[in-house]
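**Student:** All I have is the shape, not the residue letters:
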């Protein structure tokens, strides 16, 4: 709640949209099955101050997984919590007028702890079915990975650092 408290105190007007997984009771949702390790809570956290929260978005685990894979296609290996935040943020932005809006989403984890779950096809297929990551489905949406344009003869923006020889 520290970030929400800071934003409220110093940067008004701010709208705090909390994102949580379906099945988590963190923000008063109905308890339910959650298979992604580390997502959601079974009891409300003692430090939660809901007075800082304007709205709560609940994200299905399948949407979390799809968001993680879309981000991975762009070179970002994020964890389940970040996938949930990104999926919820994108849904919120799609549902609201965002022309003059600056949005900030906090990415709370990386994906190295999820290599055996979210990024493991056997685990996904066993829990969510064979068509969990349909190629067309993961490439759909306004933030899907597009081919990166390249120019012929283009060079990297910074030349590689030269090695100094030790004497």
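**Tutor:** Arrived safely, thanks for sending. Everything numeric in this text was worked out from a predicted model, so none of it was measured. Numbering: from 1, shown residues only.
**Student:** From now on I want contacts and neighbour counts done on CA atoms only, so please keep to that.
**Tutor:** Will do.
**Student:** Could you list the low-pLDDT ranges of this protein?
**Tutor:** Per-residue confidence of the chain (counting by pLDDT under 70) places the weak regions at 134-167.
**Student:** rerun that using 50 as the cut-off
**Tutor:** Scanning the chain for pLDDT under 50 picks out 136-145, 147-157.
**Student:** Pull the contacting residues for the residue nearest to the spatial centre of the chain.
**Tutor:** Closest to where the C-alpha atoms of the chain average out (CA atoms, centre = their mean) is residue 83, at 2.6 Å. By CA atoms under 8 Å, 6 or more residues apart in numbering, the residues touching residue 83 are 64, 65, 66, 67, 68.
**Student:** How about residue 51?
**Tutor:** Going by CA under 8 Å, 6+ apart, residue 51 touches no other residue.
**Student:** residues of the longest helix anywhere in the chain that come out buried?
**Tutor:** For the chain, the longest helix by residue count, based on DSSP state H, is helix 80-95. For helix 80-95, burial by neighbour count (16 or more other CA atoms under 10 Å) applies to 80, 81, 82, 83, 84, 85, 86, 87, 88, 89, 90, 92.
**Student:** So which of those residues is the closest to residue 37?
**Tutor:** Minimum distance to residue 37 across the buried residues of helix 80-95 is 7.9 Å, recorded for residue 80 (CA to CA).
**Student:** Quick check, the closest one in contact with residue 36.
**Tutor:** Yes: counting by CA atoms under 8 Å, residue 36 is a contact partner of residue 80 at 7.0 Å.
**Student:** In three-state terms, label residue 8 for me.
**Tutor:** Under DSSP: H, G, I helix; E, B strand; the rest coil, the three-state class of residue 8 is helix.
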